[in-house]
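Colleague: okay, predicted coordinates and the sequence, questions at the end:
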Amino acid sequence: MENRDEQLWRIAKKRAGFKKQLAAYIIVNGFLWCMWIFTKGHSDFDEVGDSNFPWPIWCTLGWGIGLAFGYYNAYHSDKETDTMKEYQKLKDREGK
């Protein structure tokens, strides 16, 4: 692939990376939630604390925040295009 556009190649790599992150997020968090569902009633913590608290929520929320930033970076953050848009705005303003 010698004739590829480098900017499009970078964008494609970011998007492919995000899709891999999303797949891992779904698989790992699905496993954690299933583990919590199947073990929530079999704990000795009933006397001390609430064993029914959904502890996977912390993993889901924390990783989800990082995933949201990854999504933005892959699909909405193209610095070269943003720079060109801003340049065009300035150029149009100068011409008026």
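Modeller: Everything's here; your move.
Colleague: distance of the residue positioned nearest the centre of the chain relative to residue 88?
Modeller: Among the residues of the chain, the one closest to the centroid is residue 67, at 1.6 Å (C-alpha atoms, centre = their mean). For residue 67, the distance to residue 88 (C-beta to C-beta, to the nearest Å) stands at 32 Å. The way it works is simple: take the backbone N, C-alpha and C, and place the C-beta from them, glycine included.
Colleague: roughly how far out does the helix or strand encompassing residue 66 sit from the chain middle?
Modeller: Assigned by DSSP states H and E, residue 66 belongs to helix 56-75. Going by C-alpha atoms, centre = their mean, to the nearest Å, the spacing between the C-alpha centre of helix 56-75 and its chain's C-alpha centre is 4 Å.
Colleague: buried stuff in the next helix or strand after that helix?
Modeller: Counting by DSSP H and E, the next helix or strand C-terminal to helix 56-75 is helix 79-95. By neighbour count on 16 or more other C-beta atoms under 10 Å, the buried set for helix 79-95 is empty.
Colleague: what average pLDDT does the helix holding residue 66 get?
Modeller: Average pLDDT, helix 56-75: 96.
Colleague: hey, C-alpha coordinates of it in CSV?
Modeller: Provided in CSV are the C-alpha atoms of helix 56-75 (Å, rounded to 0.1, in the frame of the first residue of the first chain):
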residue,chain,number,x,y,z
PRO,A,56,-18.7,-3.8,38.6
ILE,A,57,-20.1,-0.3,38.2
TRP,A,58,-16.7,1.2,39.1
CYS,A,59,-15.0,-0.7,36.4
THR,A,60,-17.7,0.1,33.9
LEU,A,61,-17.8,3.8,34.7
GLY,A,62,-14.0,4.3,34.9
TRP,A,63,-13.2,2.4,31.7
GLY,A,64,-16.3,4.0,30.1
ILE,A,65,-14.9,7.5,30.6
GLY,A,66,-11.7,6.5,29.0
LEU,A,67,-13.6,4.8,26.2
ALA,A,68,-15.5,8.0,25.6
PHE,A,69,-12.3,10.0,25.2
GLY,A,70,-11.1,7.2,22.8
TYR,A,71,-14.2,7.6,20.7
TYR,A,72,-13.8,11.3,20.5
ASN,A,73,-10.2,11.0,19.5
ALA,A,74,-11.0,8.4,16.8
TYR,A,75,-14.1,10.0,15.3
